[in-house]
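Q: next one to model:
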Amino acid sequence: MRRPSQCKTTTETRRHGGQLGFSFPAFLRVSVPPWLLFLSLVTTSHAQERITFRDITAQAGIHFTHNNGAFGRKWLPETMGPGCAFVDYDNDGFPDILLINGQDWPGHPRNGPTSLKLYHNNHDGTFTDVTRKSGLGISLFGMGVAVGDYDNDGFDDIFITAVGQSHLFHNDGNGTFTDVTKSAGLWGPNEFSTGAAWVDYDRDGKLDLVVANYVQWSAQTDLYCTIDGAHKSYCTPESYKGTSARLWHNLGNGKFEDVTKKAGLYDPTSKGLGVAILDYNNDGWPDILIANDTQPNKLYLNKKNGTFEERAVSAGIAFSEDGIARAGMGVDAADYDRSGSASLIVTNFANQMLSLYHNEGNGLFVDEAPRSEVGRSTLLTLGFGCFFFDYDNDGWQDIFIADGHIEDQIETVQKRVSYAERPHLFRNLGNGKFEEVTMKVGSALAAPKVARGAAYADINNDGALDVLLMTNGGPARLYLNQGGTNHSLRIRLIGTKSNRDGIGAVVRVSAGADRQWLTMKSGSSYLSQSELVLTFGMGPKTKADTVEIDWPSGQVDKLSNIATGQTITVQEAKGQVATRPYGKK
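A: Sure, this is the predicted structure:
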């Protein structure tokens, strides 16, 4: 809803004549019951492995500071980024790191030339900056990233979203990338693009691309907003008009076609940030979730004929329980309770708590956050990056949330809300409940940050998932997962009839009475991309009785008696074709 008294339809440089009128933005006027504030401080205890996430950023050789372009006028895009990605661009089995960067605004030099950064994994816990020779060292106001092999040549390509022109980089297979945005037909849309994901929505074996867009903003149309009546603040998205997401269909000849309207995704009211791909009704076809900021979330059901039908309202995820469109940021999907259906997390603004949507298996979701520690603990924080992952390899999907406010003076008007905030790590207790363990896994991870994008990968081939975290206007942080004793099994896919990365494939692993499944996916979190390898925590078990892969093509491959402690590569219709034991460089 537009708030005229809070936001003027003038450019940033204009001021009122006479007395300045204002009202507090909605996110500052939320009434929070005292009992809920009390409960948000309650913690529980549960026996767990003594795992530590150690900050190894400096010793790993990662030296990066995000340039958000801020120069004092508080332009909206400055608050939003950046994202990051793990991408094994040279197929050596060790994930490399791509960091998204902004740039100075034209006419307002402050930080000097900045670019994307690509770091090569040296297999010994260190990384080398290979940006210059990779061809990725371009300057743009970057936001997010999605990784996928769109031409099925065996090398992962990179799509970068931006304020202005987004870019598609083709992996040439020799350590370099070529900007193919124009030749691919993706040149032209000058938008505020945010989250993105590769998805084979028509199951033709070629990866298509879905791109979320935020609002209609430019330096010339920036609006004046205030929270204290005296100083400019960042406007909420309610002040700007929305803009539709885009769906690009892969034509198979290196080119893409904009099928947004034809596919039923066109919606100019959306203000999209996070994008997640899931099969929420278990029909074997990928559906699309877009987290909207102050607009209803969107859930697009795949109709199996190249079109989608929007179902968020009927599914129960468009609004909060009290009918409010929250400020959705990041998203992810996984079967956290082994119910057989993918549930959802959506990060929201401060005073709104995380959404934890449990999939009831009948087309409906129920938000469990208000009745759980997940909701109580996230009530006052502003979440961005988020994902399900099994950090302790016990076979149950845990939750990580990256937090940080957008307004650096928020403490002056809300004493309980801070600009830099600690992240949240929730351990899955295996009974549909979670316990926050952030303070138990080391002071480095728990330290307050102005965090945005987040992703995970096993950077050192030890079978445990590590975390990469981005901060707005600050450094990237790499955290090494140490101390776990549980076993795990990692699975890499090679599609033949399906897309090369196996994106959309469902992998099911059973060991005794334990059964779990994961989907290979692009996108999720916030503006970020985790590795395209699936990690199954196996607890004390030393082997998987069966591994079953349901490929997007319909092919089903089954393996048996697979030992833990290794990464296996499975090729469609051929079975296991490679193995790498943990610890091998």
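Q: please verify my assumption that Pro448 contacts Glu411.
A: No: between Pro448 and Glu411 there is no contact under Cβ atoms under 8 Å: 11.9 Å. (Glycine included, C-beta is placed from N, CA and C.)
Q: intersection of neighbour lists for those two?
A: Residues touching both Pro448 and Glu411 by Cβ atoms under 8 Å, 6 or more residues apart in numbering: Ser418.
Q: show me the shaky parts of the chain.
A: Scanning the chain for pLDDT under 70 picks out 1-48.
Q: so which residues of it form helices?
A: 34-39, 131-134, 260-263, 312-315, 373-377, 443-446 (DSSP state H).
Q: show me what counts as buried in the fourth one.
A: Right, helix 312-315. Within helix 312-315, the residues that qualify as buried by neighbour count (16 or more other Cβ atoms under 10 Å) are Ala312, Ala315.
Q: which of the helices of the chain sits closest to Pro296?
A: Of all the helices of the chain, the one in closest proximity to Pro296, counting by Cβ to Cβ, is helix 312-315 (6.0 Å).
Q: for that closest one, packing partners?
A: Helix 312-315 makes packing contacts with strand 298-302 when contacts are defined by 3 or more Cβ pairs under 8 Å, 6 or more residues apart in numbering; DSSP states H and E.
Q: go through the strand it packs on and flag the buried ones.
A: Lys298, Leu299, Tyr300, Leu301, Asn302.
Q: given it, what are its sheet partners and their directions?
A: Strand 298-302 pairs in its sheet with strand 287-292 (antiparallel), strand 308-310 (antiparallel), by DSSP bridges.
Q: so what touches the last one?
A: Contacts to strand 308-310, defined as Cβ under 8 Å, 6+ apart, come from residues 201, 263-265, 267, 287-288, 298-303.
Q: beta partners for the residue nearest the centre of the chain?
A: By Cα atoms, centre = their mean, the chain has its centre lying nearest to Ser525, at 1.6 Å. Listed by DSSP bridges, the beta-bridge partners for Ser525 are Val331.
Q: stretch 300-320 spans what distance, first to last residue?
A: In stretch 300-320, first residue to last residue: 18 Å (Cα to Cα, to the nearest Å).
Q: which one of the helices of the chain lies closest to Arg580?
A: In terms of Cβ to Cβ, the element of the helices of the chain nearest to Arg580 is helix 131-134, at 24.3 Å.
Q: quick check, Pro296 in contact with Val313.
A: Yes: the pair Pro296 and Val313 passes the contact test of Cβ under 8 Å, sitting 7.0 Å apart.
Q: ok, back up a step: which of the strands paired with strand 298-302 is buried the deepest?
A: A comparison of the strands paired with strand 298-302 by mean neighbour count, using mean count of other Cβ atoms under 10 Å, puts strand 287-292 on top with a mean of 28.
Q: for that one, which outside residues touch it?
A: Identification of contacts with strand 287-292 by Cβ under 8 Å, 6+ apart yields 195, 197, 199, 201, 210, 212, 242, 245, 265, 270-281, 297-302, 308, 317, 325, 328-331, 333, 344, 346-347.
Q: rerun that using 7 Å as the cut-off
A: 210, 212, 245, 270-280, 297-302, 308, 328-331, 333, 344, 346 (Cβ atoms under 7 Å, 6 or more residues apart in numbering).
Q: and it, C-alpha only, in CSV?
A: Extracted C-alpha coordinates of strand 287-292, given in CSV (Å, rounded to 0.1, in the frame of the first residue of the first chain):
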residue,chain,number,x,y,z
ASP,A,287,7.0,-25.6,-10.2
ILE,A,288,8.2,-22.1,-9.5
LEU,A,289,8.1,-20.1,-6.2
ILE,A,290,8.9,-16.4,-6.1
ALA,A,291,9.2,-14.5,-2.8
ASN,A,292,7.7,-11.1,-3.1
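Q: closest to Asp392 out of the buried residues of strand 298-302?
A: Distances from Asp392 to these, taken by Cβ to Cβ, are shortest for Leu299, at 30.6 Å.
Q: can you pull the contacts of that closest one?
A: The contact partners of Leu299, taken as Cβ under 7 Å, 6+ apart, are Asp287, Leu289, Glu310, Arg311, Ala312, Ala315, Ile317.
Q: nearest residue to it other than its sequence neighbours?
A: Ala312 (4.0 Å; Cβ to Cβ, 6 or more residues apart in numbering).
Q: distance of the one you found from Asn292?
A: 9 Å (Cβ to Cβ, to the nearest Å).
Q: between those two, which contacts overlap?
A: Lys298.
Q: okay if I get the contacts of strand 308-310 as a markdown table plus distance to Glu572?
A: A markdown table is the format used below for those (distance: Cβ to Cβ, whole Å):
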| residue | distance to Glu572 |
| --- | --- |
| Tyr201 | 19 |
| Ala263 | 26 |
| Gly264 | 30 |
| Leu265 | 28 |
| Asp267 | 35 |
| Asp287 | 22 |
| Ile288 | 24 |
| Lys298 | 31 |
| Leu299 | 29 |
| Tyr300 | 27 |
| Leu301 | 26 |
| Asn302 | 21 |
| Lys303 | 25 |
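Q: okay, now Ala230: neighbour count?
A: Applying other Cβ atoms under 10 Å, we find 8 residues neighbouring Ala230.
Q: repeat for the one 10 residues further on
A: Counted by other Cβ under 10 Å, the residues lying close to Tyr240 total 21.
Q: numbering from 610 from now on, please.
A: Sounds good: first residue 610 from here, last item Tyr849.
Q: isn't it up against Gln825?
A: Yes: assessed by Cβ atoms under 7 Å, Tyr849 is found in contact with Gln825 at 5.7 Å.
Q: which residue ranges of the stretch 810-959 of the chain form strands?
A: 817-822, 833-835, 841-842, 855-859, 865-867, 881-887, 896-901, 907-911, 917-919, 940-943, 952-955 (DSSP state E, counting those that start in this stretch).
Q: quick one, which of the helices of the chain is packed in tightest?
A: helix 982-986 (a mean of 22).
Q: so what secondary structure elements neighbour that one?
A: Contact here means 3 or more Cβ pairs under 7 Å, 6 or more residues apart in numbering; DSSP states H and E; on that basis helix 982-986 packs against strand 1043-1045.
Q: try it again at 8 Å.
A: Under the contact criterion of 3+ Cβ pairs under 8 Å, 6+ apart, helix 982-986 touches strand 1033-1037, strand 1043-1045.
Q: pretty sure Pro1190 is touching Gly1174, no?
A: Yes: in this structure, Pro1190 is within contact of Gly1174 by Cβ under 8 Å, at 6.2 Å.
Q: looking at the two, which one has more neighbours?
A: With neighbours defined as other Cβ under 10 Å, Pro1190 and Gly1174 compare such that Gly1174 has more, 16 against 11.
Q: how many neighbours does the nearest residue to that one once chain neighbours are set aside have?
A: Nearest non-adjacent residue to Gly1174, counting by Cβ to Cβ, 6+ apart: Tyr1191, 5.1 Å away. For Tyr1191, the count of nearby residues is 18 (other Cβ under 10 Å).
Q: redo the helices of the chain as a markdown table? Include distance to Glu1045.
A: Listed next are those as a markdown table, based on distance: least, Cβ to Cβ, whole Å:
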| stretch | distance to Glu1045 |
| --- | --- |
| helix 643-648 | 12 |
| helix 740-743 | 37 |
| helix 869-872 | 40 |
| helix 921-924 | 27 |
| helix 982-986 | 5 |
| helix 1052-1055 | 10 |
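Q: good, we can wrap up now.
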